[in-house]
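Trainee: Pasting a predicted model and its sequence here:
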Amino acid sequence: MSRCWLFKSEPDVYSIGHLERDGRTHWEGVRNYQARNFLRDEVKPGDRVLYYHSNADPPGVAGLAEVVRAGYPDPAARDPESEYYDPKASDEDPRWYRVDLAFRETFPALVPLDALRAAPGLEKMLVINRSRLSVQPVTDEECEIVLRLGRAGA
DNA sequence: GCCAACGTTGGC
DNA sequence: GCCAACGTTGGC
């Protein structure tokens, strides 16, 4: 049974366009424990990922990706050259995890946060009231509504 | 660029 | 284990 998630990325750093170009990517650099727990324990291959552009104008869901590898230790945490380096990470305790994503689609038009707020059925979406969590679970119903909005290009 | 929300750190 | 200080996120 696959699930649906919302992952946030700043498009200036790595947008849906970058993912489309690359085909797939390592979702590294998550340094928040709640988001880490999702990546480590619950995000599975075949799960859908709504790709959200944060710190953007406007912010919103830009497309769809799919998980192709479940959580495994994030090598960036062990790399002193990386901006995501964490001296407390070790072989015994990797602390941080990443998953791999594959590109699926870019919506004909971004679904702005305003539209999510206004859409019936999305009142409880975490992105609306817990906006800081960078990896969030999305219910199947919410996922379908967002995909419908995105594919409609409204 | 501002600032509110909120997660993390560290002194006690 | 509390909580104040601090840093970061992210919408506007």
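Mentor: Received, thanks. Numbers count the residues shown, from 1 in each chain, chains lettered A, B, ... in the order given.
Trainee: the bottom helix or strand of chain A by mean pLDDT?
Mentor: helix A:126-129 (a mean of 89; mean pLDDT, DSSP states H and E).
Trainee: Residue of chain A nearest DNA strand C, please.
Mentor: When scored by Cβ to the nearest atom of the strand, chain A has A:P59 as its residue closest to DNA strand C, at 3.4 Å. C-beta: built from backbone N, CA, C; applies to glycine.
Trainee: Now the least confident helix or strand of chain A: buried residues?
Mentor: Within helix A:126-129, the residues that count as buried by 16 or more other Cβ atoms under 10 Å are A:V127.
Trainee: again, but for stretch A:13-29
Mentor: Here stretch A:13-29 shows A:14-16, A:19-20, A:25, A:27-29 as buried, counting by 16+ other Cβ under 10 Å.
Trainee: what's the farthest-apart pair in those residues?
Mentor: A:E20 and A:G29 (19.7 Å; Cβ to Cβ).
Trainee: For chain A, what lies in contact range of DNA strand C?
Mentor: A:8, A:10, A:31, A:54-59, A:113-114, A:127, A:131-134 (Cβ under 7 Å from any atom of the strand).
Trainee: ok, back up a step: which of the buried residues of stretch A:13-29 lies closest to DNA strand B?
Mentor: The closest of the buried residues of stretch A:13-29, once distances to DNA strand B are taken by Cβ to the nearest atom of the strand, is A:G29, at 13.7 Å.
Trainee: which SS state does the closest one fall under?
Mentor: Following DSSP: H, G, I helix; E, B strand; the rest coil, the label given to A:G29 is coil.
Trainee: my read: it touches A:A76, true?
Mentor: Yes: contact criterion Cβ atoms under 8 Å: A:G29 and A:A76 qualify, at 6.1 Å.
Trainee: what's the overlap in contacts for these two?
Mentor: Common contacts of A:G29 and A:A76, defined by Cβ atoms under 8 Å, 6 or more residues apart in numbering, comprise A:83-84, A:98.
Trainee: ranking the residues of chain A next to DNA strand C by neighbours, who comes first?
Mentor: Neighbour counts for the residues of chain A next to DNA strand C (other Cβ atoms under 10 Å) peak at A:V127, which has 24 neighbours.
Trainee: what helices or strands is the longest helix along chain A leaning on?
Mentor: In chain A, assigned by DSSP state H, the helix with the most residues is helix A:140-152. Here helix A:140-152 touches strand A:4-9, strand A:48-53, strand A:60-73, strand A:97-112, going by 3 or more Cβ pairs under 8 Å, 6 or more residues apart in numbering; DSSP states H and E.
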